[in-house]
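In: take a look and give me a structure for this.
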Amino acid sequence: MLNKSILICFICLITNCKTVKPSEQTPNKEMTIAASKADFTLAFGSCNKQNETNLLWDDILKTQPDLWVWGGDNIYADTDNMKRLRSMYTQQNAVTGYQNLKKEVPIIGTWDDHDYGLNDGGVEFDKKEESQQEFLDFMGVDPNDPRRTQEGVYSSHTYNTPNGSIKVIVLDTRYFRTALTPDTATKKRTKPNTYGQGTVLGETQWSWLAKELNNSEADFNLLVSSIQILSNEHGFETWGNFPHEVDKLEKTIVDSKAKGVMILSGDRHISEFSKTEIPGLQYPLVDFTSSGLTHSYTAYKGETNPFRVGDVVSIKSFGLIKFNFKTKEAWMQMLGDDLKLLGELHQTY
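Out: Residues are numbered from 1 along each chain as shown. Below you'll find the predicted structure:
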């Protein structure tokens, strides 16, 4: 008989994918050992209330990430009063655990509706220009950075190491996003727009994204979207409300021939892995949702996601990804308080 450890490794080689259910709290030793040899470690999360205790900052710092990525809803403001918005960002910046992280780790990210200023808001928000400047102040963006004068907070960041590079492409799914279609026939909040109607990114950002992918020489390319891209049947905000935009994104990724493209998303107050095979793409497209940091969907009882891999995590957690440039592998983990392992996915690119 095969040794159990050998069998597990064999299965991973065949499937290129390993998931662990939230109930299985013991870390996978093979994954842990392999991930310890990673060349780059990225931590990310979303849905963080500045006035609630966050027990995860010390855990995030213990993973020794090379980068922290905000996935949106970095504070909960929901206001068009910039003085109030600024005070809430100040409150978050005063959190001791977050201060400790900022001292040690570079920080980038995007916003979502609650730090944007309007619940489920998009292009119609009349204080978006002013809110953008407050967000950029919070992120410590230089006054001469192009984001200070462009419409939207989208940006790209490349991180080079002796063994390879990672490009993080931060999207803005708020500034240009057009109207959603209410679902009046069911209990769901929204339904998909008529195909071809509306946009998530807007023309200028779409053009920019295509160039960023087409010109990328990075070993891995991460798209940061504040809302989920693949999960599309829950009735809340998702790229699935604009199905033509999902198709356009998949085509843009395939046409670019960019290596190792994956998605980081938030918003939902749950964490989950979604995955799909796309014709013309040599690897699966994974959407790693990590949410939330200070509060979660504790009443979660299930919802359909045709792309889900493994189980949903509905307690507070953050996401961690460890990359190996030589083997083109990514180890993705959902981690809770005291670094409790809640779920994991291994993917080779």
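In: remind me which residues of the stretch 151-300 of the chain are low pLDDT?
Out: By pLDDT under 70, the stretch 151-300 of the chain has no low-scoring segment.
In: residue contacts, Gly109?
Out: For Gly109, the contacting residues are Phe44, Trp68, Val69, Trp70, Gly71, Gly72, Asn74, Met139, Val170, Val224, by CB atoms under 8 Å, 6 or more residues apart in numbering. To be clear about C-beta, it is placed using only N, CA and C from the backbone, and glycine gets the same treatment.
In: how does it look with 7 Å?
Out: Val69, Trp70, Gly71, Asn74, Met139, Val170, Val224 (CB atoms under 7 Å, 6 or more residues apart in numbering).
In: so the fourth one: helix, strand or coil?
Out: Translated: Asn74. coil (DSSP: H, G, I helix; E, B strand; the rest coil).
In: and it, what pLDDT?
Out: Looking at Asn74, its pLDDT is 98.
In: quick check: buried residues in stretch 48-63?
Out: Within stretch 48-63, the residues scored as buried using 16 or more other CB atoms under 10 Å are Asn48, Lys49, Gln50, Asn54, Leu56, Trp57, Asp59, Ile60, Leu61, Thr63.
In: ok, back up a step: now render the contacts of Gly109 as a markdown table, adding secondary structure, neighbour count and distance to Gly310.
Out: Below are the contacts of Gly109 laid out as a markdown table (DSSP: H, G, I helix; E, B strand; the rest coil; neighbours: other CB atoms under 10 Å; distance: CB to CB, whole Å):
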| residue | secondary structure | neighbour count | distance to Gly310 |
| --- | --- | --- | --- |
| Val69 | strand | 25 | 21 |
| Trp70 | strand | 26 | 24 |
| Gly71 | coil | 31 | 19 |
| Asn74 | coil | 30 | 26 |
| Met139 | coil | 19 | 32 |
| Val170 | strand | 23 | 26 |
| Val224 | strand | 27 | 21 |
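In: make a markdown table out of the residues you listed and add distance to His269.
Out: Listed next are the contacts of Gly109 as a markdown table, based on distance: CB to CB, whole Å:
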| residue | distance to His269 |
| --- | --- |
| Val69 | 18 |
| Trp70 | 16 |
| Gly71 | 12 |
| Asn74 | 14 |
| Met139 | 23 |
| Val170 | 21 |
| Val224 | 18 |
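In: and which of these is nearest to Glu303?
Out: Lowest distance from Glu303 to these (CB to CB) belongs to Gly71, with 19.5 Å.
In: roughly how far apart are that closest one and Gly292?
Out: Distance, Gly71 to Gly292, by CB to CB, to the nearest Å: 9 Å.
In: give me the common contacts of the two.
Out: What both Gly71 and Gly292 touch, as defined by CB under 7 Å, 6+ apart, is the set Ser46.
In: hang on, the earlier thing: which among the contacts of Gly109 gets closest to Trp111?
Out: For Trp111, the nearest member of these is Asn74. The distance, counting by CB to CB, is 6.7 Å.
In: hmm, who's touching the one helix or strand Arg84 maps to?
Out: Using DSSP states H and E, Arg84 maps to helix 82-93. By CB under 7 Å, 6+ apart, the surrounding residues in contact with helix 82-93 are 50-51, 74-75, 77, 79, 98, 117, 127, 130-131, 134, 138.
In: try 10 Å
Out: 48-51, 54, 74-79, 81, 98-99, 102, 114-117, 127, 130-131, 133-135, 137-140 (CB atoms under 10 Å, 6 or more residues apart in numbering).
In: list the buried ones in that helix?
Out: Neighbour-count burial for helix 82-93 flags Leu85, Met88, Tyr89, Gln92 (criterion: 16+ other CB under 10 Å).
In: between those residues, which is closest to Phe40?
Out: Phe40 has its nearest neighbour among those in Gln92, at 26.1 Å by CB to CB.
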